[in-house]
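Engineer: Below are the sequence and a predicted model for it; my questions follow.
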Amino acid sequence: MNRFIYKKHIPVKRFGQNFLKNKTIINKIIQKIYLNKVDNFIEIGPGLGALTFPICNIVNTITVLEIDENIISFLLQSKYSKKIKIILTDVMKFDFQYFFSLNKNILYRLVGNLPYSISTCLLIELIQYNSYIFDMNFMFQKEVACRLLATPSSKEYGKLSVLAQYFYKIIPICSIDKYNFFPNPKIDSMFLRFIPYRVHNQNQINRYFFALEKITRVAFQHRRKFLIKNLFKLFSQKTLLKFNISPFSRAEDVSVHQYSLLAKNFLKLYDSF
């Protein structure tokens, strides 16, 4: 038997296919994300059904976004095929804004074992759709998960930490050793749950995301420089002090709350022009 074949499928490296195979871990994830039969699930990269099929045991339907036509053939041949709505797409080109806007009364639950090569970019894209999302439940490489969970003054804390933690409460579900996948990736993983903070409508979310993304991009561009150097084009020393931010602190020393205050100040100035 070909050692590169798993369930009659050869994993495609360019699609980042590493299939979760440990049923104990799969069951733990399913239990911790609290399924209901009427949930509106979107799964990104269903693979060979490790999460898809257990979800189908509970929910009425699930929409899956998949780029690999061979995977789609596999799903269509499963006993759950009538419950699975399949969209053949490259998720990085998928128009989430349009999809979510088709029914603004629905809150979607997102789930997936994300390809490591796109996980960060995809999450930053999805963060913006807070008002359409009930929760997000994703597998990340452990290094990215640590950045998402990081606290100020740590080396992992950065732009991704601030953006994710401002819009979502992030709950670690479980750490997963690399040997629980086929083929084995080079690094371990962690499964995280994201629960939105319902504090803004979608227009406000778009505005705050725009401001926070710009401020944190500039602030963390040169991590070792003082904020007075990094942010001088956006904020005066007086403004930083107003929010109890030392001009001679570094980007990693500023809390998510303080960044949100800077974003609010930035938007006031932006609107005045």
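Structural biologist: Looks like it arrived, so ask away. Residues are numbered from 1 along each chain as shown.

Engineer: and stretch 171-180, C-alpha only, in CSV?
Structural biologist: Only the C-alpha atoms of stretch 171-180 are listed here, as CSV (Å, rounded to 0.1, in the frame of the first residue of the first chain):
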residue,chain,number,x,y,z
ILE,A,171,-10.8,30.3,24.0
PRO,A,172,-8.2,27.5,23.6
ILE,A,173,-9.9,24.2,23.1
CYS,A,174,-6.9,21.8,23.0
SER,A,175,-3.3,21.5,21.9
ILE,A,176,-2.6,18.9,19.3
ASP,A,177,0.6,17.0,18.7
LYS,A,178,1.8,16.9,15.1
TYR,A,179,1.6,13.1,15.1
ASN,A,180,-2.2,13.3,15.2
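
Engineer: I'd guess Leu110 is in a strand, am I close?
Structural biologist: Yes - counting by DSSP: H, G, I helix; E, B strand; the rest coil, Leu110 is located in a strand.

Engineer: separation between it and Lys104?
Structural biologist: Distance of Leu110 to Lys104, computed by C-beta to C-beta, to the nearest Å: 17 Å. Every residue, glycine included, has its C-beta placed from N, CA and C.

Engineer: The closest residue to Pro196 other than its chain neighbours - how many residues pack around it?
Structural biologist: Distances taken as C-beta to C-beta, 6 or more residues apart in numbering place Asn130 nearest to Pro196, at 4.6 Å, with adjacent residues excluded. Neighbour count for Asn130, taken as other C-beta atoms under 10 Å: 24.

Engineer: For Asn130, give its distance to Phe96.
Structural biologist: Taken as C-beta to C-beta, the span from Asn130 to Phe96 is 12 Å.

Engineer: does the spatially most central residue of the chain sit in a helix, a strand or a coil?
Structural biologist: Residue closest to the average C-alpha location in the chain (C-alpha atoms, centre = their mean): Leu123, at 3.2 Å. Of the three states, Leu123 takes helix under three-state DSSP.

Engineer: Please list all residues in contact with it.
Structural biologist: Leu114, Phe138, Leu148, Leu160, Ala164 (C-beta atoms under 8 Å, 6 or more residues apart in numbering).

Engineer: if we can go back for a sec, what about Leu110 and Lys104, which has more around it?
Structural biologist: Each of Leu110 and Lys104 has its neighbours counted (other C-beta under 10 Å); Leu110 has more, 22 against 10.

Engineer: ok, back up a step: surely the residue nearest to Pro196 meets Ala164?
Structural biologist: No - counting by C-beta atoms under 8 Å, Asn130 does not reach Ala164; the two are 10.8 Å apart.

Engineer: still on that earlier bit, mind checking which of the contacts of Leu123 land in strands?
Structural biologist: Among the contacts of Leu123, the members found in strands (DSSP state E) are Phe138.

Engineer: Out of the contacts of Leu123, flag the one nearest to Phe248.
Structural biologist: Taking C-beta to C-beta as the measure, Phe248 sits nearest to Leu160 out of those, at 24.4 Å.

Engineer: burial count for that closest one?
Structural biologist: For Leu160, using other C-beta under 10 Å, the count is 19.

Engineer: what does Lys21 give?
Structural biologist: Neighbour tally, Lys21, other C-beta under 10 Å: 15.

Engineer: For it, which non-adjacent residue is closest in space?
Structural biologist: The nearest residue in space to Lys21 (C-beta to C-beta, 6+ apart) is Phe182, at 5.3 Å.

Engineer: so who does the one you found touch?
Structural biologist: Tyr6, Pro11, Asn18, Phe19, Lys21.

Engineer: How about Asn201?
Structural biologist: Ser131.

Engineer: on that earlier part again, Serialize the contacts of Leu123 to a markdown table and add fields for distance to Asn203 and pLDDT.
Structural biologist: Formatted as a markdown table, those follow (distance: C-beta to C-beta, whole Å; pLDDT from 0 to 100):
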| residue | distance to Asn203 | pLDDT |
| --- | --- | --- |
| Leu114 | 28 | 91 |
| Phe138 | 26 | 98 |
| Leu148 | 25 | 98 |
| Leu160 | 24 | 97 |
| Ala164 | 20 | 97 |
